[in-house]
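Chemist: this is a predicted model, with the sequence first.
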Amino acid sequence: MNNNNRGGIVDDKYCFEEETQLTVHKTSMFFPGDGFIVYDPHGELLFRFDSYGPDSQPRDELVLMDAFGKRN
């Protein structure tokens, strides 16, 4: 991952008043590429990571998106 593009997600919906367990689901176990979806304890989609397959450049880059597919 390119360290020059690192950033954080800052939004009230990602901040919890107490310790909270999130569910991380790997999305592409049988297809090219890599991805993960992160859900809150109520099953609401918080954000996702996708690489868009083996042809994406650079190959080790994951794209962080919010629940609506907007890049962060």
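Modeler: Nice, thanks for sending it over.

Chemist: only C-alpha atoms for contact and neighbour calcs from this point on.
Modeler: Fine.

Chemist: give me every residue that touches the nearest residue to residue 36 once chain neighbours are set aside.
Modeler: Distances taken as C-alpha to C-alpha, 6 or more residues apart in numbering put residue 26 closest to residue 36, at 4.4 Å, once the chain neighbours are dropped. Contacts for residue 26 (C-alpha atoms under 8 Å, 6 or more residues apart in numbering) come out as 34-37.

Chemist: which one of the residues you listed sits closest to residue 11?
Modeler: Nearest to residue 11 out of the contacts of residue 26 is residue 37 (C-alpha to C-alpha; 17.6 Å).

Chemist: by contact count, what packs against the helix or strand encompassing that closest one?
Modeler: Using DSSP states H and E, residue 37 sits in strand 35-39. Applying 3 or more C-alpha pairs under 8 Å, 6 or more residues apart in numbering; DSSP states H and E, we find strand 35-39 packed against strand 23-26, strand 45-50.

Chemist: low pLDDT regions in this structure?
Modeler: 1-10, 29-33, 52-60, 72 (pLDDT under 70).

Chemist: run a quick neighbour tally on residue 35.
Modeler: Using other C-alpha atoms under 10 Å, residue 35 is surrounded by 19 other residues.
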